[in-house]
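> quick one, structure for this:
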Amino acid sequence: MLRVGGLVPLTTLDYPGRLACVLFCQGCAWRCRYCHNPDLIPPRGGEEIAWAHILDFLHRRRGLLEAVVFSGGEATLQTALLDAMRSVRELGFKVGLHSAGIKPEALARVLPQCDWVGFDVKALEDEVELITGVSGSGRANWRSLDLLLASGVDHECRTTVHWHLFDPERLWQLAGRLHQRGVRNFCVQLVRTVRMLDHQLPAMVAPEETEQLWEHFGRLFTRFEVR
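Numbers count the residues shown, from 1 in each chain. Reported below is the predicted structural model:
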């Protein structure tokens, strides 16, 4: 059964244009320094929600909710995800996924069940390891991006930015690389929380040129947003 460490019963933010709930799946193989859900990193959580309870909740929300988003952690690491997605689809819900593509083959297995994917591009390929702390994570992240783009599944790419780990020039290079690959929807997620996995990260101070950078991004992508 799918291991779920948390549930948001209603959101308008996590699946574009749909009323959705979010299931936070337990377990992640990366250790992103700005992670604000460290309780979801271990493969087993102390307060997991039984899958039977999730199904009961979804049965009661039919006709009210439109979509179910599988988030994390990293949902694709769980072998039960595919069956869980099928069960959700059988109940009449759209299926959303938040993923960083930690294992490309695992992402490829579930993409046919997805109606929409919010994909986390961590950084330029050769800099991803500086964020995740895991060797080979850049190759996996960008290979999964290519699989997503080739699948035809509706998607948004997003990059979480802490200005201690990024600078405007590298973020601009990243955006250009995404644009070249055909990404049209891009979001920058600014770190705001003080609850980060790496307690040594300093307080975030935005560079002066960010407003100009956002204007450039707005011209580069069909849809661009800062959150």
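
> could you look up the SS state of Ala175?
With DSSP: H, G, I helix; E, B strand; the rest coil as the basis, Ala175 sits in helix.

> can I assume it is in contact with Trp214?
No. Look at Ala175 against Trp214 with Cβ atoms under 8 Å: they stay out of range, at 10.5 Å. Every residue, glycine included, has its C-beta placed from N, CA and C.

> between the two, who's got more neighbours?
Ala175 (22 against 13; other Cβ atoms under 10 Å).

> report the contact partners of the more buried one.
With contacts taken as Cβ atoms under 8 Å, 6 or more residues apart in numbering, Ala175 has the following neighbours: Phe186, His216, Phe217, Leu220, Phe221.

> host element of the residue nearest the centre of the chain?
With distances taken as Cα atoms, centre = their mean, the chain has His98 as the residue nearest its mean C-alpha position (3.5 Å). Using DSSP states H and E, His98 sits in strand 94-99.

> next helix or strand past that strand?
Defined by DSSP H and E, the subsequent element after strand 94-99 is helix 104-110.

> all strands for the protein, in order.
4-11, 20-25, 67-71, 94-99, 116-120, 154-161, 185-190, 223-226 (DSSP state E).

> how about the ones you listed, which one is nearest Asp198?
When these are compared by Cβ to Cβ, strand 154-161 sits nearest Asp198, at 12.9 Å.

> I'd like the distance from the closest one to the chain centre, please.
7 Å (Cα atoms, centre = their mean, to the nearest Å).

> for stretch 153-162, same thing?
Taking Cα atoms, centre = their mean, one finds stretch 153-162 lying 7 Å from the centre of the chain it belongs to.

> flag every buried residue along it.
The neighbour-count check on stretch 153-162 (16 or more other Cβ atoms under 10 Å) flags Val153, His155, Glu156, Cys157, Arg158, Thr159, Thr160, Val161, His162 as buried.
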